[in-house]
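Peer 1: take a look and give me a structure for this.
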Amino acid sequence: MFRGSYNPNAYLARKRNVRLGLVARSKILQTIERNALTIKNIGEVTGLGYAVVLYHLKLLEEEKIVMRKSGKPPYFWGLTGLGQRRLIES
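Peer 2: Numbers count the residues shown, from 1 in each chain. The predicted structure is shown next:
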């Protein structure tokens with residue numbers, strides 16, 4: 001189980017922010033912060049299924065928090081730099 005605070009960018013403006021979604025998006029964002037990865041790699045690191053990772057990446061992409069880094073499959077995903085910042089970083 002995920003322990004600790006949620007990533008500030010895990011909160012979405014256009015969706016309900018239920019706990020399970022926040023946990024999944026926080027894990028995904030934490031993994032992407034370290035290195036741009038494919039959906040399969042993100043799923044292996046976080047323990048989430050491929051479809052779950054894809055669903056949340058699409059939601060994050062709509063909010064312009066993440067973007068695809070490569071032009072053709074397999075896509076590598078990375079952060080755009082937009083979104084909220086942690087208080088520690090400021």
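
Peer 1: for this structure, what's the longest helix?
Peer 2: For the chain, the helix that runs over the most residues, judged by DSSP state H, is helix 19-34.

Peer 1: residues near residue 72, how many?
Peer 2: The tally of other residues near residue 72 (other Cβ atoms under 10 Å) stands at 6. (C-beta placed from N, C-alpha, C; glycine too.)

Peer 1: follow-up on the earlier one: what helices or strands is the very next helix or strand once past the longest helix of the chain leaning on?
Peer 2: Proceeding N to C from helix 19-34, the next assigned helix or strand is helix 39-46, under DSSP states H and E. Where contact means 3 or more Cβ pairs under 8 Å, 6 or more residues apart in numbering; DSSP states H and E, helix 39-46 is packed against helix 19-34, helix 50-62.

Peer 1: how close does residue 58 sit to residue 81?
Peer 2: 19 Å (Cβ to Cβ, to the nearest Å).

Peer 1: now swap in residue 38 and tell me
Peer 2: Distance of residue 38 to residue 81, computed by Cβ to Cβ: 20 Å.
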